Structures are given as structure tokens and as C-alpha cells.
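Q: I'd like to go over a predicted model; first the sequence, then the structure.
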Protein chains: 2
Amino acid sequence: MKYLIVYAHPEPKSLTGHLKDRAVGALTAAGHDVVVSDLYAMGWKAVADGDDFPVRDRGAPLNYGYASKEAYAAGNQSTDIAEEQRKLLWADVVVLQFPFWWYGMPAIMKGWFDRVYAYGFAYGVGPHGGAQWGKRFGEGILLGKRAMVAMTVGGRMSHYGPRGVNGNIDDLLWPIHHGLLFYPGLTVVPPAVFYEVNKATPDAVESMAQAYIRRLLDIEAAESIAFRSQNGGDYDELQVLKPEHGDDRIGHALHQSGTPFVSNTFLGVLGDYTPRHISPTSRDAA
Amino acid sequence: MKYLIVYAHPEPKSLTGHLKDRAVGALTAAGHDVVVSDLYAMGWKAVADGDDFPVRDRGAPLNYGYASKEAYAAGNQSTDIAEEQRKLLWADVVVLQFPFWWYGMPAIMKGWFDRVYAYGFAYGVGPHGGAQWGKRFGEGILLGKRAMVAMTVGGRMSHYGPRGVNGNIDDLLWPIHHGLLFYPGLTVVPPAVFYEVNKATPDAVESMAQAYIRRLLDIEAAESIAFRSQNGGDYDELQVLKPEHGDDRIGHALHQSGTPFVSNTFLGVLGDYTPRHISPTSRDAA
């Protein structure tokens, strides 16, 4: 299979960098093709602005969405944007690997989506109006491919549980899972989330690497998150979920058929959540 | 009062830019002090990396959090970061104004938080361990100040309602409201969310501007979102909400006392959600 790992960390010697290296090694050894978009190493331009459209009239007011539509349709996007789109079309599996900073992805990765997800490529595709609202959420250009979030978290799992103070990790990942990955058609599998990474012992790091590799190698057979298809009949003409669905639920669980997904049941590589001391060696690698 | 508007849009002639200009004009006319951090105009550095620490040893592996802790404590942060921290300390009210791109803030604004929220300034403050997990979520350096999100959205309100296909707007804003604003002590008031901005008529734009100004002028008296205080007794030693609270709730509503907040009841400036055509004039301003 063909794996694209979109990776963002400023330090190659970090735990995130180590897990990425281990993943690339194991996938390659198993005969898979792997491409890494190492956003920091590439000097990825994070900020969406008028410079993204080489042939656009600079004197006209910029509507970024419409400018991206015109550039995508005309084939004159920035070369860095077009190249990332080609990688997405090439891949069977898309992995987002990043440290969880302030309850989201680092700015450089958000800027990857802001710029690569052009109008006409990732959104604004297909008929709009009536009961049809374009090819998204179950349709789209990346349909048939799989996606997974892999991220390192400084805090404890208990803080991210169903009643944890930070909010449930599944609530925090909803904008990414549904809004960024499911939106253009990707099938999303449960995330690989590694907690308390600043306190990880060498044994814990090894457990994380093995768990991550296992998840990547098994991704084709993994049970995916059963998000509802927008145009599959579950939503009405205003794209509101019909009353017969999910009356027993609130929040994003509404938008899943079957038993709602709870990602923390897939994790637990550190085993327990008692306080740990920060060791000088693991601190440098965090 | 002193208002800091952190503003991110690549086009000054955009609707977002227009609403910002109207807000600045009305607040100033009412006798308030206003400072705008216009991130695009400032050429704000979005990407958190080793260049943020002028006196750090470049040969050592970078742990961004620890490097920010040392630079903050030693008073040798990047000048752009220190200046934004000063603005936050100066302000009584912090407003985040941005277009909702891919279910979150533009990368340049995420990078403002990634860089300005230094260890020792916004997090890692106060005692950790036992039942105390630092000054956050109800305590912190920005305690006593108020914050509001003001954002423009391309989609329809129905798509962002409690059962809308994009997810409830309150679910999507949870990482920002709780994780970015409430975290260092800010009191969060309901957001000003403007939908279908690409289709807005001049009358709708005027309604939006007046609603936004009203919200800003009334912010001191506005009912805030009643997020629970981390160290106020509602959470146990693992920072899990105690069983006696919120048994009738799931998701982020758990983390509010009283009746959970529903932001869409505060909106509705466009009045209805039937399809509208895109006019050439409004299209340029979107």
C-alpha cells in the first residue's frame, strides 16, 4: 500500500520524530511505499494569502476560496500546493502525525489544510442545492482512502477521558476527524494517541512505537469510525439529521451510525496514570 | 475599557475586515481604548520553531515548551512574542476575529497561540500534583478579563445547529473556548458567529456590524459561559469530573455548571436560511 505521512514537529530528535522514523522503517520493511511530508523540514508556507496564486491580479481584492477555485481549475496553483494534492491522490493511507499543541494541530499543519484543500479539489465539488450539498462527508476526491491521526500529548489520559477536565479526546478531535478527514471522503480509523510523552521512559517509548507500527500495518482491516454520509438519506434538505436518527444522543455521536466510537479504549500504552518524574533523557526527547 | 482585537484575514476589504473596522470605530467613539493585532498586516510568524529563542543553544535538541519556559523566565523571548503577551496583560477584553476555515481558526492565528502562550505565562503556572494541576481553567494570568470569538462562516446556520451535518457550532468551538481562552483564566462570553457571509447583502452586512458592535459594547454585562473551575472542587485528583456532577450530560456540556450554553440562540442576524444567489459585489467582499 501507499502511505502518506504528513508530519509536523520542529525537532527531528523528538519523540514524534522518533515514532515517525520507526513507522517509516517498519512500513518500508513490510514492502509498502511511504512518502513523508515533513512540513518543518520542507519549510512549508503555513499562511494562506495572495502569494498562493501566481497569476492572479494582485490589485483585485482577495477572496481566498474563489482564488483557489480559479487557480485549481486553471492548473496554475502554487507548485507546493499542487504537489501535496498529488501526494493525497497517490496515497492509499493518509496519516497525520503531530504533537497536540493547545488542543489542536500545530499551525504549520493547519496551514497545510488551509492551502492544500482548494475549492474544487476538497470542497465545492458536485451539485449544490435541494437535498444535495456537494460531494463531502461520505463522498469526495479522497473517497476509498483511509486516514488516521497519530499524536503525542503532554497531559494524562484521565484528563482527556469522557469526563476529564480537558474534554473528551474524541470531542477535541471531532473538527479534525470529521471536518478535515471525513469531509473530502477519507475513511477515518481510530487515532493513535500517546499521552504523558514528556514523562515517557525508554520502555514506554518502545511500547508506543510498537503500538503505532501495529496500527499502521493493520489499518486496512481496522474498524473505522462510522460517520454518517451527508447525501445518504440520514440528513434533511437543510443538512439537519432527521428526527428518526440518534434521538438518544447529543454532540458528535449523533453523526455516527451504530455504537458511537470511543477512542480511548484503543489506547493505554503507558498502562497507568500515576505521577511520574521527568528524567533528563526523556525530557530532551519530548 | 481596553479591548485587544486579535484579527486574522488576508484581505482588508473582506467582510471580516469591514466588521473589524466598524468595531474599532464604534468602540473608539464610545471612549474605549482599542489595540488591534492585525496578524496578516504584521507579517506574524505563524510557525513555532527554534528561531523563537534568540539566546538558546542551537545545537541542543529543541523542546519547544521547555525552551519557552526558559526564555520567558529569563526575559529573553522573541520581541514579537513578548509584545503580544504585554497586550494580553494590558487588555480588559480579548476578541478573536477570524474567518472559520476548515472548522477552526486560520493557521496564522493558531500560530499566535502556539507562540504567545509560553510555558510559565499561559501554562505550567502554580503548584502541580495531588488535587492541584496548576493555575488553569478558572485561574491563570488572564483571570478577570473577558474574551469573545467573532467569526464569519461560509455555511448555513442549520448546518451548524445541534443536529447539523457539520456538528454543533458549540462542539466545534469547544477547543477554542475552553482550551485556548478559559485555560489561562479568561471569562468567555458567547461567540458572535455570522453565517453565509459569501451571500450577505448590504443590509445583512449592516445587521452583522450592528450586532457585533452591540455585543462588544455590552460585553462586560453579558452572561458568560459557566465553565467549571478546575481547582474549585468539581474535579477529582485525576481531574475527572466527580460523579455527582452532570450525570444527565455528555460531551463538553459536562464542564459547565447550570444550564449548558447554546450559542446559536444568540445569533440569527440573517433571519432565514433559504438559498441566496451570490452577487458580484458581495462575492468580492466575502
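A: Alright, I've got the coordinates.
Q: now do residue A:149 against residue A:188, distance only.
A: According to Cβ to Cβ, to the nearest Å, residue A:149 and residue A:188 sit 8 Å apart. Backbone N, C-alpha and C define where each C-beta goes, glycine included.
Q: give me the common contacts of the two.
A: When contacts are counted by Cβ atoms under 8 Å, 6 or more residues apart in numbering or on different chains, residue A:149 and residue A:188 are jointly contacted by A:177, A:181.
Q: and the helix or strand containing residue A:150, is it in reach of chain B?
A: Using DSSP states H and E, residue A:150 falls within strand A:146-152. No: counting by Cβ under 8 Å from any Cβ of the partner chain, chain B is not contacted by strand A:146-152; separation bottoms out at 11.8 Å.
Q: and that strand, what does it pack against?
A: Contacts defined by 3 or more Cβ pairs under 8 Å, 6 or more residues apart in numbering or on different chains; DSSP states H and E place strand A:146-152 against helix A:15-29, strand A:93-99, strand A:187-188, strand A:192-194, helix A:202-217.
Q: pull the residues that contact that strand.
A: Strand A:146-152 is contacted from outside by A:15-16, A:19, A:23, A:92-100, A:173, A:176-177, A:181, A:186-194, A:197, A:212, A:215-216, A:219-220, A:222, A:224, using Cβ under 8 Å, 6+ apart.
Q: buried subset of those as a ChimeraX selection?
A: Buried members of the contacts of strand A:146-152, defined by 16 or more other Cβ atoms under 10 Å in any protein chain shown, are picked up in ChimeraX with:
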select /A:15,16,19,23,93,94,95,96,97,98,99,100,173,176,177,181,186,187,188,189,190,191,192,193,194,197,212,215,216,219,224
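Q: the contacts of strand A:146-152: which ones sit near chain B?
A: Answer for the contacts of strand A:146-152 near chain B (Cβ under 8 Å from any Cβ): residue A:176.
Q: what about the closest residue to residue A:64 other than its chain neighbours, neighbour count?
A: Sequence neighbours aside, residue A:48 is the residue nearest to residue A:64 in space, at 5.7 Å (criterion: Cβ to Cβ, 6 or more residues apart in numbering or on different chains). The number of residues packed near residue A:48 is 25, by other Cβ atoms under 10 Å in any protein chain shown.
Q: surely residue A:48 touches residue B:109?
A: No: using Cβ atoms under 8 Å, residue A:48 is not in contact with residue B:109; the gap is 11.4 Å.
Q: quick check: pLDDT value at the closest residue to chain B within the stretch 151-286 of chain A.
A: Chain B sits closest to residue A:179 of the stretch 151-286 of chain A, with a gap of 3.3 Å, by Cβ to the nearest Cβ. On the pLDDT scale, residue A:179 is placed at 96.
Q: please apply the same query to residue A:152.
A: Reading off the model, residue A:152 has pLDDT 93.
Q: please apply the same query to residue A:265.
A: 41.
Q: what of residue A:85?
A: pLDDT, residue A:85: 98.
Q: quick one, the host helix or strand of it and strand A:93-99 angle?
A: Per DSSP H and E: residue A:85 is located in helix A:79-90. Calculated by axes from the mean of the first three to the mean of the last three Cα atoms, to 10 degrees, helix A:79-90 forms an angle of 130 degrees with strand A:93-99.
Q: helix A:79-90 near chain B anywhere?
A: No: applying Cβ under 8 Å from any Cβ, one finds helix A:79-90 out of contact with chain B, separated by at least 13.6 Å.
Q: and that helix, what does it pack against?
A: On a contact count with 3+ Cβ pairs under 8 Å, 6+ apart, helix A:79-90 meets strand A:2-7, strand A:33-38, helix A:107-116.
Q: show me the one of the ones you listed that comes nearest chain B.
A: Per Cβ to the nearest Cβ, nearest to chain B of the helices and strands packed on helix A:79-90: helix A:107-116, 3.2 Å.
Q: between the closest one and helix B:107-116, how many degrees?
A: Angle, helix A:107-116 to helix B:107-116, by the same axes, to 10 degrees: 180 degrees.
Q: tell me the residue furthest from the middle of chain A?
A: In chain A, the residue that sits farthest from the middle, by Cα atoms, centre = their mean, is residue A:59; the gap is 35.3 Å.
Q: residue A:117 is in contact with residue B:102, isn't it?
A: Yes: between residue A:117 and residue B:102 there is a contact at 6.4 Å, judged by Cβ under 8 Å.
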